[in-house]
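Colleague: My questions are about this predicted structure, shown below with the sequence.
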2 protein chains.
Amino acid sequence: MNVLKRYLPILDWGKQYDRQTATSDLVAAVIVTIMLIPQSLAYALLAGLPPEVGLYASILPLVAYTIFGTSRALAVGPVAVVSLLTAAAVGEFAQQGTPEYLGAAIVLALLSGLMLLAMGMFRLGFLASLLSHPVISGFITASGLLIASSQLKHILGVRANGQTLYDILVSIGSHLGDINWITFAIGAAATVFLFWVRKGLKKLLLGFGLNAFAADLLTKAGPVAAVAVTTAISAVFDLGEKGVRLVGDIPSGLPVPQLPTFDSELWLALAGPALLISVIGFVESVSVAQTLAAKKRQRIDPDQELIGLGASNIASALSGGYPVTGGFSRSVVNFDAGAATPAAGAFTAVGIALATLYLTPLLTNLPQATLAATIIVAVLSLVDLGAIKRTFVYSKSDFAAMAATILVTLFFGVEQGVVTGVVLSIALYLFRSSRPHTAIVGIVPGTEHFRNIDRHKVVTGDRVLTLRVDESLFFANARFLEDRVYALVAENPHIEHVVLMCPAVNAIDASALESLEEINHRLSDSKVTFHLSEVKGPVMDRLKKADFLSHLTGKVFLSQYDALCTLDPLTAHISESRTPKKVAQSNVWSGPQI
Amino acid sequence: MNVLKRYLPILDWGKQYDRQTATSDLVAAVIVTIMLIPQSLAYALLAGLPPEVGLYASILPLVAYTIFGTSRALAVGPVAVVSLLTAAAVGEFAQQGTPEYLGAAIVLALLSGLMLLAMGMFRLGFLASLLSHPVISGFITASGLLIASSQLKHILGVRANGQTLYDILVSIGSHLGDINWITFAIGAAATVFLFWVRKGLKKLLLGFGLNAFAADLLTKAGPVAAVAVTTAISAVFDLGEKGVRLVGDIPSGLPVPQLPTFDSELWLALAGPALLISVIGFVESVSVAQTLAAKKRQRIDPDQELIGLGASNIASALSGGYPVTGGFSRSVVNFDAGAATPAAGAFTAVGIALATLYLTPLLTNLPQATLAATIIVAVLSLVDLGAIKRTFVYSKSDFAAMAATILVTLFFGVEQGVVTGVVLSIALYLFRSSRPHTAIVGIVPGTEHFRNIDRHKVVTGDRVLTLRVDESLFFANARFLEDRVYALVAENPHIEHVVLMCPAVNAIDASALESLEEINHRLSDSKVTFHLSEVKGPVMDRLKKADFLSHLTGKVFLSQYDALCTLDPLTAHISESRTPKKVAQSNVWSGPQI
């Protein structure tokens, strides 16, 4: 029963489900449905798929998330970045508009669902941590620019293609003579209108005396208004005849459940992109869910979220949809509109299903330029140039990873961009860790504290050298530690004892252990005794499993002061007799300062 | 001048070079030359190259190292593992015995030399740290087994091939009918003899009253004796006519300096293997050099060692040789024989050059089985099964990386083995770091110390929750920290303040900073104030560059005790009034214990 409850959170919240909660959920569902219809169509277009696929991906996946998800406000469905990744991945195997293209997108959803499910079962949510924030932020910014530029062709009414910023712009440039000016007028007007809705409308409505909630809702309904007005204009003036590209006939009726085709070669080729989509979708979704949960002191379970998203993607694949995840803007709307449980998602699914059944004939005359305008306005809000500057100021190496991600995403491709960012951030992290901060320390006169000799007035003797290392010891810095110790011993011919002070060493791996053994061995060749001090409990427990301690020429001291008193009582005595004068001494905090 | 001195260590030791040093170096050089001749031939055989290439790789490279190297005892030349890697890399592009095969091996040496040189110039010696000790140790053990099994065919006198253990054994098995029994007799006898020399001879000689030095030298001369005796037998009984494979005619004369062929496709394809050979060769060489330098309190400069090895490999390529590095056994012999400066290497080069000019005709009748026996005995000493057990006991995750390296090396290939090991050890490290140790802490009554509430009798209040995190904060654990804080706040409805205690946090990267901002923001949504305590100096300096501190809802306390007194004076007061009774209190060491 407990296992069931763990994997089916619906059993938990379903028990207390009452009329009042249902009402809140219903209201939220109606609002999200209205918002989701143009979004679903637009993102399907972005992914290079027929518009109805966007609707299909907004029905069953929501039901699946209602059953398996833990966030009470997350709204699942097609999102911009995942749509772009889908287009990039599927575009390598099939031509847009072919049944193979759609088939591959469905397989991608299935694979992504299975991977998310597996990651949830094996509690591998940690994989998402490999995407550092600067890499994610850079990737989202670059994707936003890439998506916006890819939609330009719809606004201009030209045929163009390309997967990278350069290719897209060149391709559009070479078609500038073919601009359809009616399309351009509609697209430009819709873009300007939607930007104004986003930036200026709310303030205006508040000025008219509307309350904040209603003003917010009307603002979010902007895309629906743009869709309605441009569809009406297009129908009245028969713009389809004048070369304006329309959405066209959308098959009405619900998706027929079907199994994706199995083709081992295609599955294998799509495995990489599916993993990328899974991880990126999960990161986006879980951060939205956590933000919203925190507002009500609720919590979400990241591993169960993996299962929820996995189930959603499998449901999407089985109903002819493409990869989905939790979207930011629609989840916020869902939350603000009062969604109290995941049931709001199921009600939204019903709304979208009704729209698919009865509303699609009305959308035949919708210009594609309107959908492109909604995409452009939505994704440009993802572009965060401020984050680039903040990262630059805070950390040059994080900035390097971010800049590489942005440039490679824009000019080489989305998958390459993410992979470059991940590899670079891991490499830079290992590089930093490979040169940990170390300090030679001496005793602060009149105290039992030890400080960096370069920063404080401290007392040291000739015979004992104490090196404090401010990092866990592992393979990437083990050799650095060896080099540092050998160099110090070679420079200081009078040394008889080397003490390694370990208050900040949280772990010692097998490589570092071997380095300590080497240091011990080589120092003993140089007639120098090697000691440790202030080794933490768990590290000590681990060391006891190896035979290092039995080879150690020196001792392990509980405190550095013990070490000094034992190895160099004279210096300890000198220190005691001196009153601390100019020495800045902290009273309370006695851990290592640098 | 200083730059010159840095890049040309010979200017340093050359100044004090006198007759006495020269004598020591000369004696060492004679001994190493005798040892190096059979080794050079054998390793060339292992690399699938004509025997004279081994000799060529032992002349100019030694001169180059004399000029650029910093170790006073390192003996550069062909070594077993690098020869195996060469065979694996070159074997993919050409058939053994063809001029293309030799050409590719020469290009490999050149690329490896250029890479080592570049790594030295840009001080990238850190790249070698990515090879963790368990991975190196596992790789060397697996290589030893693989090399030994690959030499079996020479001992048995059959033709067999294969790059993996399985292929090699299957191939030998299918040729068991073709065994040449005379070859087998010679090979088996040589193997047994060499094992005995290694294990039993020294003791015997010491028993005869020889001093340790002489006994050691005679032991190292074992391979030379085996070569001399089997060559004589082979010549007397004309074994070449009886199907015993001999070394055959070796062109005498020095290598003619030449430029390697430039073929951009081949260069590109060999770049990966060249990088691997460079890094592995460097790791092997630098650890030998450090071991020997430590015995005399000398030091080597790892970055300059890269330049020295780079120059050696370029010299090898220009004189028709293949990749070289510092070898373990011959460097120890060089050291023991009294080599005082790198000049010993130059003298050895002269010795090998003389051998190439005048000795090669004597080696025509040398059975290949003898060389195979010297290889087998040498590489089996590299197999360290004890290290596998020790690693298993010490750390399961290090063991996992080691086991994967061994199995993949044996059954899939040497390059795949190393790459698997490196990737796995980085992944396991990140995985461990992604779940750092954290503890909720309370105050030890009557003190100002804070300890884990699960391990110590401490006092805590309802309103303040203090979480200590024992690891630097970076992208791999940023999300974990967020999850942990949100879970704690969701579980403890009375909390008003969360304090993050950071005495073991050595760094906070941009991802972790953003997580702290998220935590701060979300806690403020839950009406909880967020504080930090005991932040180290450099971490604080970094935080001041971001605007996190201005958003922080709470404060940064110098000490955790300050935090408690300010946020929850009642609990601080209760703690003061209680005498510590059962509480085990350490007197001196006041850093975090777990």
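Modeller: Done, it's in.
Colleague: what about the strands in chain A?
Modeller: For chain A, the strands defined by DSSP state E occupy A:76-77, A:325-326, A:438-443, A:450-452, A:464-469, A:497-501, A:529-533, A:556-557.
Colleague: rank those strands by mean pLDDT and give me the bottom one.
Modeller: Ranked by mean pLDDT, the strands of chain A bottom out at strand A:450-452, which scores a mean of 86.
Colleague: Tell me the gap between that strand and the middle of its chain.
Modeller: 40 Å (CA atoms, centre = their mean, to the nearest Å).
Colleague: cool, and stretch A:391-410?
Modeller: That offset, for stretch A:391-410, works out to 15 Å (CA atoms, centre = their mean).
Colleague: before we move on, back to that, closest to residue B:318 out of the strands of chain A?
Modeller: With CB to CB as the measure, strand A:438-443 is the member of the strands of chain A nearest residue B:318 (40.7 Å). The C-beta positions use only the backbone N, C-alpha and C, and glycine is treated the same way.
Colleague: Tabulate the strands of chain A in a markdown table, adding columns for mean neighbour count and distance to chain B.
Modeller: Output for those, formatted as a markdown table (neighbours: other CB atoms under 10 Å in any protein chain shown; distance: least, CB to the nearest CB, whole Å):
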| stretch | mean neighbour count | distance to chain B |
| --- | --- | --- |
| strand A:76-77 | 32 | 20 |
| strand A:325-326 | 30 | 16 |
| strand A:438-443 | 22 | 11 |
| strand A:450-452 | 23 | 10 |
| strand A:464-469 | 22 | 10 |
| strand A:497-501 | 25 | 10 |
| strand A:529-533 | 22 | 9 |
| strand A:556-557 | 20 | 9 |
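Colleague: so can I have a markdown table of these showing distance to residue B:248?
Modeller: Below are those laid out as a markdown table (distance: least, CB to CB, whole Å):
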| stretch | distance to residue B:248 |
| --- | --- |
| strand A:76-77 | 73 |
| strand A:325-326 | 67 |
| strand A:438-443 | 56 |
| strand A:450-452 | 65 |
| strand A:464-469 | 56 |
| strand A:497-501 | 55 |
| strand A:529-533 | 53 |
| strand A:556-557 | 60 |
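Colleague: Tell me which of these lies nearest to residue A:33.
Modeller: For residue A:33, the closest of these is strand A:76-77, at 10.7 Å, according to CB to CB.
Colleague: What's the separation between residue A:4 and chain B?
Modeller: Separation of residue A:4 from chain B (CB to the nearest CB, to the nearest Å) stands at 22 Å.
Colleague: should've said residue A:163
Modeller: From residue A:163 across to chain B, the span is 24 Å (CB to the nearest CB).
Colleague: Correct me if wrong: that residue contacts residue A:90.
Modeller: No - checked against CB atoms under 8 Å, the pair residue A:163 and residue A:90 is beyond contact range at 11.5 Å.
Colleague: and the stretch 301-450 of chain A, which residues reach chain B?
Modeller: Contacts of the stretch 301-450 of chain A with chain B, taken as CB under 8 Å from any CB of the partner chain, map to A:302, A:390-391, A:393-395, A:397-399, A:425-426, A:429-432, A:434-437, A:448.
Colleague: could you flag which of these are buried?
Modeller: A:302, A:390-391, A:394-395, A:397-399, A:425-426, A:429-432, A:434, A:436-437, A:448 (16 or more other CB atoms under 10 Å in any protein chain shown).
Colleague: about what we covered before: which one of residue A:163 and residue A:90 has more residues nearby?
Modeller: It is residue A:90, of residue A:163 and residue A:90, that has more neighbours when counted by other CB atoms under 10 Å in any protein chain shown, with 26 against 17.
Colleague: How many residues are close by the residue lying closest to that one once chain neighbours are set aside?
Modeller: In this structure, residue A:90 finds its nearest non-sequential neighbour in residue A:104, 4.5 Å apart by CB to CB, 6 or more residues apart in numbering or on different chains. Residue A:104: 27 surrounding residues under other CB under 10 Å.
Colleague: Can you give me the distance of residue A:104 to residue A:83?
Modeller: 14 Å (CB to CB, to the nearest Å).
Colleague: Residue A:475 too?
Modeller: 41 Å.
Colleague: in the stretch 51-200 of chain A, which spans are helices?
Modeller: Ranges of helices in the stretch 51-200 of chain A, per DSSP state H, counting those that start in this stretch, are A:51-56, A:60-68, A:80-90, A:99-121, A:133-156, A:165-174, A:181-196.
Colleague: Tabulate the ones you listed in a markdown table, adding columns for mean pLDDT.
Modeller: Converted to a markdown table, the helices of the stretch 51-200 of chain A look like this (pLDDT from 0 to 100):
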| stretch | mean pLDDT |
| --- | --- |
| helix A:51-56 | 93 |
| helix A:60-68 | 93 |
| helix A:80-90 | 92 |
| helix A:99-121 | 94 |
| helix A:133-156 | 89 |
| helix A:165-174 | 90 |
| helix A:181-196 | 94 |
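Colleague: Show me what residue of the stretch 101-250 of chain A gets nearest to chain B.
Modeller: Residue nearest to chain B within the stretch 101-250 of chain A: residue A:132 (3.4 Å; CB to the nearest CB).
Colleague: excluding its backbone neighbours, what's nearest the most centrally placed residue in chain A?
Modeller: By CA atoms, centre = their mean, chain A has its centre lying nearest to residue A:283, at 4.0 Å. Distances taken as CB to CB, 6+ apart place residue A:128 nearest to residue A:283, at 4.9 Å, with adjacent residues excluded.
Colleague: pLDDT averaged over the longest helix anywhere in chain A - what is it?
Modeller: Assignment by DSSP state H gives helix A:264-295 as the longest helix of chain A. Taken as a whole, helix A:264-295 carries a mean pLDDT of 86.
Colleague: list the buried ones in it?
Modeller: Result for helix A:264-295 [16+ other CB under 10 Å]: buried residues A:266-267, A:269-270, A:273-294.
Colleague: what's the answer for stretch A:174-189, then?
Modeller: Buried, per 16+ other CB under 10 Å, within stretch A:174-189: A:175, A:180, A:182, A:183, A:184, A:186, A:187, A:189.
Colleague: Now do the end-to-end distance for that stretch.
Modeller: This stretch, stretch A:174-189, spans 24 Å end to end (CA to CA, to the nearest Å).
Colleague: which outside residues touch that stretch?
Modeller: A:153-160, A:230, A:233-234, A:239, A:242-245, A:367, A:369-370, A:372-373 (CB atoms under 8 Å, 6 or more residues apart in numbering or on different chains).
Colleague: try stretch A:553-562
Modeller: A:441, A:443, A:448, A:450, A:466, A:497, A:499, A:501, A:520, A:523-524, A:529-535, A:540, A:549, A:563, A:566, A:572, B:586, B:588-589.
Colleague: how long is it end to end?
Modeller: Span of stretch A:553-562 from end to end, CA to CA: 17 Å.
Colleague: Could you list the buried residues of it?
Modeller: A:554, A:555, A:556, A:557, A:558, A:559, A:560, A:561, A:562.
Colleague: how many neighbours does residue A:577 have?
Modeller: 8.
Colleague: Quick check: it vs residue A:225, distance?
Modeller: Taking CB to CB, one finds residue A:577 at 84 Å from residue A:225.
Colleague: what does residue A:147 give?
Modeller: Separation of residue A:147 from residue A:225 (CB to CB): 22 Å.
Colleague: Comparing these two, which residue is more hemmed in?
Modeller: Counted by other CB under 10 Å, residue A:147 and residue A:225 do not tie: residue A:147 has more neighbours, with 25 against 15.
Colleague: close enough to count as contact, that one and residue A:377?
Modeller: No - using CB under 8 Å, residue A:147 makes no contact with residue A:377, being 11.2 Å away.
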